[in-house]
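Participant: quick one: sequence and predicted model below, then my questions.
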Number of protein chains: 2
Amino acid sequence: MKKIDKITPQKEDFARWYTDVIKNGDLMAYGATKGSIIFKPLSFSIWDNIRLNLDKEFKKVGVQNVYLPLLIPESLLQKEKDHLEGFNPELATVTEVGGKKLAEKYYIRPTSETLFGDFFKNEINSYKDLPLIYNQWVNVMRWEKTTNPFLRSREFLWQEGHTMHATAEDGKMLTTKMLNIYKNFVEEYLAIPVMDGQKTEHEKFSGADFTFTIEAMMKDGKALQAGTSHYLGQNFTKAFDITFKNKENLLENAYGTSWGVSTRLLGALIMTHGDDRGIIIPPKIASTQVDILTLFANKDERVEVVASQIKNDLLANNISVNLDESDKGAGFKAANSEIHGTPLRIEVGPRDLDNNQVTLVRRDTIEKITVNLEDVVKTVEKLLVDIQNNLLQSAKDRLKNNIVVVDNYEEFKVEIAKGHWVYAAFAGDGDDEVKIKEETGASTRCIPFVKPVSINSNKCFYTNKETNRYVIFAKSY
Amino acid sequence: MKKIDKITPQKEDFARWYTDVIKNGDLMAYGATKGSIIFKPLSFSIWDNIRLNLDKEFKKVGVQNVYLPLLIPESLLQKEKDHLEGFNPELATVTEVGGKKLAEKYYIRPTSETLFGDFFKNEINSYKDLPLIYNQWVNVMRWEKTTNPFLRSREFLWQEGHTMHATAEDGKMLTTKMLNIYKNFVEEYLAIPVMDGQKTEHEKFSGADFTFTIEAMMKDGKALQAGTSHYLGQNFTKAFDITFKNKENLLENAYGTSWGVSTRLLGALIMTHGDDRGIIIPPKIASTQVDILTLFANKDERVEVVASQIKNDLLANNISVNLDESDKGAGFKAANSEIHGTPLRIEVGPRDLDNNQVTLVRRDTIEKITVNLEDVVKTVEKLLVDIQNNLLQSAKDRLKNNIVVVDNYEEFKVEIAKGHWVYAAFAGDGDDEVKIKEETGASTRCIPFVKPVSINSNKCFYTNKETNRYVIFAKSY
């Protein structure tokens, strides 16, 4: 077992805290290629659980999984211009095989709209073939200049949904439906509350008519885009000549959407719940919900017997358990459980056993609860629910308390510098957004569907023009 | 809904039959890149079920899932020479990003022994850190010259397990354990019986001390390697300097294994069970176990009511169901169910309903069974078990009946030409294997752990030398 290094406190240096906890928490290792990371068992188990549970939600609305090739031929990517321009600088390119140059270049997919476009073209003849609601769980590559584990890496894992519809209305409805699935899933399983809304023209996906997003607030106040759902309209279907016979027997271009969440969610989870002791994994997504620690087992033979019994009882009640029977000291074992983010630990030691008791320690509040042996299972069940709820509520409170309304650019700068999200009337265009970002580091996160706080002014804080558009700005990951 | 094209009979042209059924059965489409395929929902659902169920078997023996990067830096792959030579001609190589040449080349993983080697190096200090039993479900790429959907494609999906052990014995035991998991899984879920054994030196994995394999027999008599488990010894741990302190406190190189099954299993499944009506999916791996077809629903309002009721009853009993309520004719609906390989279909029509009955049709035997409505669920449950067993038994019989013992090379050529597997004493070396393959198309498949048929001669059929080594030869995919 490894030593636990000192963790930089969040308030001292949030970025260093993040690096400290992901290393100490055995979440990742750096890969052989610069900017690449290895997902170790703990982080991958969270992603596995995200996949398993989110896929169930997808299936309920008729999503079917498929798998499309990794490589995009050069000719294919060039069919949709906006899209190509958006991704071109980040494209890892295969030019040779076994030392021999290829006739055509291939790009490692940064996303697969073009591959799906080419595929859909041959799958659709009539409105009766629609909708097609497909998804794939895959790796993608974007050769980013600066990288940050789980948040921005050259390769990441995600799911990308791609759909085709017979009407614009159907496509728009699906775009909304998938965003809602994301919002509900992220809140329910990851205990991350989000602001849902629409991206500005400047921030929308390259090739989309519009983009919906869910934005989460990290503990340092920065925003993290946690999932997006794009209405593509006929942009790709015209470029790829995807047509169908509609009910009037006329040829029409189909209407598309695409939507995805990625392993960035792991970063979001860490920075939403983690504290100076390490990460905290919400019980509903944890592969180990309870650590059972034996204390002074060499001095009292009851310890291992009771610990095993508790393990079996919990497993029988579908609670996932890890039993730490190592001969390490109590302090190390507790710190080891905490750094790995296990929601709850049970300490089984001689002194408690004299009273027919064990001690439960919540990871979120570090509260200790002494319970009689016969009450362990029901208490654990209750506490896991409490912990899940408490993590969500704390995050909700933080989100609510850190959104600030401003009237003018001076106030804006002050609030952004404080690490707040700013909510304001904004009539600016893309060029204004670029300037604001250069000067303050803040970008538009979304135009919320529901006002997060009350706002009265309809005068743009930046241009002074009148507007009914209210936008959230924040620094972001 | 698409038209169903004529399927070439298996006996007429097995290769065309294969192409016909995978296209008509909506299993795949060709991708935009030559040699690439798209896994459509039906084939991907089988792979999803393989992953889900095999992963459960892995977890029972302590396998942990991880994710390592897609790209291997040039310097890393060159560390193990045999390994590099084995894969070099097939390596897709990334040389540029966004049009700019990179300082170092990167290979898209053909397998990840080298990446795991580099990773393990930093994870292991003491024998207490061992074993490490890791696995990943990923895409890999080998730029094959000739391709065949699911069987040999430039990109495929697989799981690759990689482990580290403190002793050679532990490593060898794990190599055997994983092969047994494969053998049992493939037989139990895919209803594919296999011959398990060891590869010859000539056919073993590049970089392994030895390779264990499971070999399946397709309906045309060809062999298909369905899974392999390699004992790597210290080959990679020496190349990558992976050492640990053993119990005597001395530095020692760890002992490695790797093992994998891939989407080739889909090809194996199709060519083991399929018939001239299309594919047949064993019930335990089918995402749709029962198709319910409504017949003449426009003439009798009871039809849809009963069909829906049956659907709900089956779903309530954890049987997966698809309800085809389209207005197509009975013949089309039946053929459509058959081509997609659904193990069982239920035809709900007015005439049967007059007698309070429906008709069940088995996909494997095309046998029709008329049952009373109140007996549908229990009959379906029984038939699904019967179908699973029957598919396995038929394949077992075929395997047993098509392994032939030969004494000399003339007999060998005759039997191989007939499409049989040959079992024979063989003392030849790699050069002999190359010659035999050139002359007959047959390669050594394995040295079986258990003799599949009795054999007396210990004279090599090819070299006439005495030997106790008995080998299976066959043409293969």
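Facilitator: Structure's in. What do you need?
Participant: centroid-nearest residue for chain A?
Facilitator: Nearest residue to the geometric centre of chain A (C-alpha atoms, centre = their mean): A:Leu265, 2.0 Å.
Participant: does that one touch A:Tyr182 like I think?
Facilitator: No: using C-beta atoms under 8 Å, A:Leu265 is not in contact with A:Tyr182; the gap is 9.6 Å. (C-beta placed from N, C-alpha, C; glycine too.)
Participant: which residues are in contact with each of those two?
Facilitator: Counting by C-beta atoms under 8 Å, 6 or more residues apart in numbering or on different chains, the common neighbours of A:Leu265 and A:Tyr182 are A:Ala226, A:Gly227.
Participant: on that earlier part again, tell me which element the residue nearest to the centre of chain A is part of?
Facilitator: helix A:264-273 (DSSP states H and E).
Participant: where exactly do the helices run in the stretch 1-150 of chain A?
Facilitator: A:14-24, A:41-60, A:74-77, A:81-87, A:113-120 (DSSP state H, counting those that start in this stretch).
Participant: ok, which of the ones you listed comes nearest B:Lys40?
Facilitator: For B:Lys40, the closest of the helices of the stretch 1-150 of chain A is helix A:113-120, at 9.0 Å, according to C-beta to C-beta.
Participant: against chain B, how distant is the closest residue to A:Gly221 other than its chain neighbours?
Facilitator: Leaving aside its sequence neighbours, A:Gly221 sits nearest to A:Gly419 (C-beta to C-beta, 6 or more residues apart in numbering or on different chains; 3.1 Å). Note on A:Gly419: its distance to chain B, by C-beta to the nearest C-beta, to the nearest Å, is 32 Å.
Participant: sorry, back to before: tell me the contacts of the residue nearest to the centre of chain A?
Facilitator: Per C-beta under 8 Å, 6+ apart, neighbours of A:Leu265: A:Trp47, A:Ile50, A:Val186, A:Leu190, A:Ala226, A:Gly227.
Participant: neighbours around the closest residue to A:Val94 other than its chain neighbours, how many?
Facilitator: Among residues not flanking A:Val94 along the chain, A:Tyr106 sits closest, at 4.3 Å (C-beta to C-beta, 6+ apart). Using other C-beta atoms under 10 Å in any protein chain shown, the number of residues around A:Tyr106 comes to 26.
Participant: how close does A:Asn322 sit to chain B?
Facilitator: 12 Å.
Participant: equivalent analysis for A:Thr440, please.
Facilitator: Distance of A:Thr440 to chain B, given as C-beta to the nearest C-beta: 28 Å.
Participant: before we move on, the earlier item: any idea of the mean pLDDT in the helix holding A:Leu265?
Facilitator: Regarding helix A:264-273, the rounded mean pLDDT is 98.
Participant: what packs against the helix or strand following it?
Facilitator: Toward the C-terminus, helix A:264-273 is succeeded by strand A:290-294 as the next helix or strand (DSSP H and E). The contact analysis (3 or more C-beta pairs under 8 Å, 6 or more residues apart in numbering or on different chains; DSSP states H and E) places strand A:290-294 against helix A:302-316, strand A:321-324, helix A:330-339, strand A:344-348.
Participant: what's the most buried one of the ones you listed?
Facilitator: Counting by mean count of other C-beta atoms under 10 Å in any protein chain shown, strand A:344-348 has the highest mean neighbour count of these, with a mean of 25.
Participant: how about the residues of the stretch 151-300 of chain A by chain B?
Facilitator: Neighbours of chain B within the stretch 151-300 of chain A, by C-beta under 8 Å from any C-beta of the partner chain: A:Glu155, A:Leu157.
Participant: wait, doesn't A:Thr379 sit right on A:Val358?
Facilitator: No: taking C-beta under 8 Å as the definition, A:Thr379 is not a contact partner of A:Val358, at 9.7 Å.
Participant: name the residues contacting each of those two.
Facilitator: Counting by C-beta under 8 Å, 6+ apart, the residues touching both A:Thr379 and A:Val358 are A:Val371.
Participant: just want to know which of those two has more residues nearby.
Facilitator: A:Val358 (26 against 16).
Participant: how about that one, what does it touch?
Facilitator: Contacts of A:Val358 (C-beta under 8 Å, 6+ apart): A:Val306, A:Ile310, A:Ile346, A:Glu347, A:Val348, A:Gly349, A:Asp352, A:Thr370, A:Val371, A:Leu373, A:Val376.
Participant: nearest to chain B among the residues you listed?
Facilitator: Distance to chain B across these (C-beta to the nearest C-beta) is lowest for A:Ile310, with 20.9 Å.
Participant: I'd guessed the closest one sits against A:Glu347; true?
Facilitator: No: contact criterion C-beta under 8 Å: A:Ile310 and A:Glu347 do not qualify, at 10.9 Å.
Participant: CA-only coordinates of the least confident helix or strand in chain A by mean pLDDT in CSV, if you can.
Facilitator: Every helix and strand of chain A was ranked by mean pLDDT, DSSP states H and E. The lowest is helix A:81-87, at a mean of 82. C-alpha atoms of helix A:81-87 as CSV (Å, rounded to 0.1, in the frame of the first residue of the first chain):
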residue,chain,number,x,y,z
LYS,A,81,-17.3,23.5,-43.7
ASP,A,82,-18.2,25.1,-40.3
HIS,A,83,-17.7,21.7,-38.7
LEU,A,84,-14.3,21.2,-40.3
GLU,A,85,-13.0,24.7,-39.3
GLY,A,86,-14.1,24.0,-35.7
PHE,A,87,-12.0,20.9,-35.4
